[in-house]
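**Q** Based on what follows, work out the 3D shape:
(chains A and B)
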Amino acid sequence: DTGVSQDPRHKITKRGQNVTFRCDPISEHNRLYWYRQTLGQGPEFLTYFQNEAQLEKSRLLSDRFSAERPKGSFSTLEIQRTEQGDSAMYLCASSRGQFNEKLFFGSGTQLSVL
Amino acid sequence: QQQVKQSPQSLIVQKGGISIINCAYENTAFDYFPWYQQFPGKGPALLIAIRPDVSEKKEGRFTISFNKSAKQFSLHIMDSQPGDSATYFCAARKVNYGGSQGNLIFGKGTKLSVKP
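**A** Sure thing, here's the model as predicted:
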């Protein structure tokens, strides 16, 4: 396992701009998750994919957020019209299958909205 | 609504001591309870996990104690070392219809400092 890779590691943007993050899961992991973590809090679930299908989205996920996993490999998370409240660490995780419990997390993308 | 409540928020322990972190949950449909360890600038990493049909699980210096009737579980770190200084998160997951795993719900975390 080479690990979950996220890019970029850091992103600074101005309020109102769009940003996109990329996640490359561990190869052969067919489940991919996006979480958001703010300072002093635990990771908060955003959405997850089984292969290319997006199976669940958090009710907390604004319609400014969209995620894709077009070929069941890497995934992108886009935030449109960013707000200061979007500032957080965005974590990606993957797991081997729908009945495999162990999630492997990437190091995250730290977003700062000015 | 906070489905997994974790305490304490921070913990200072002397080297060689025992660190104890507690979590309580509300949803009886949860069926899997992991603990994650996170160092600054890194993503969480799975430390140890337990299912509700077992009351205790031990891996090296790390032990989970599980009390199903009380809906509580705890992490014990024996012989705590400075290298254990990190933030620890408990989590819980419920099974989806059809038996596949759902998403993890995390506690707010405990920042552990082990003093040399």
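**Q** ok, residue A:73 touching residue A:23?
**A** No. Shown here, residue A:73 and residue A:23 do not form a contact pair, counting by Cβ atoms under 8 Å, at 9.9 Å. Placement of C-beta: from N, CA and C, glycine included.
**Q** Neighbour count: these two, which is higher?
**A** Higher neighbour count among residue A:73 and residue A:23: residue A:23, with 26 against 15, using other Cβ atoms under 10 Å in any protein chain shown.
**Q** so the nearest residue to the more buried one once chain neighbours are set aside bridges to which residues?
**A** Leaving out its chain neighbours, the residue that sits closest to residue A:23 by Cβ to Cβ, 6 or more residues apart in numbering or on different chains is residue A:92, at 3.4 Å. Under DSSP bridges, the beta-bridge partners of residue A:92 are residue A:34.
**Q** could you say which helix or strand contains residue 12?
**A** All of this is about chain A. If you go by DSSP states H and E, residue A:12 is part of strand A:10-13.
**Q** Chain B was what I was after
**A** Per DSSP H and E: strand B:10-14 holds residue B:12.
**Q** cool, residue B:31 as well?
**A** Assigned by DSSP H and E, residue B:31 falls in strand B:30-38.
**Q** And the next helix or strand past that strand?
**A** Trace forward from strand B:30-38 with DSSP H and E and the next one is strand B:45-50.
**Q** which sections of the chain are below the confidence cut-off?
**A** Reading this off chain A. Residues of chain A meeting the criterion pLDDT under 70: A:1, A:97-100.
**Q** oops, I was thinking of chain B
**A** Across chain B, the ranges flagged by pLDDT under 70 are B:1-2, B:95-102.
**Q** So is the strand holding residue A:12 next to chain B?
**A** No. Strand A:10-13 stays clear of chain B (Cβ under 8 Å from any Cβ of the partner chain), getting no nearer than 10.3 Å.
**Q** contact partners of that strand?
**A** For strand A:10-13, the external contacting residues (Cβ atoms under 8 Å, 6 or more residues apart in numbering or on different chains) are A:19, A:21, A:82, A:109-114.
**Q** could you redo the last one with a cut-off of 10 Å?
**A** Here strand A:10-13 makes contact (Cβ atoms under 10 Å, 6 or more residues apart in numbering or on different chains) with A:17, A:19-21, A:79, A:82, A:86-87, A:89-90, A:108-114.
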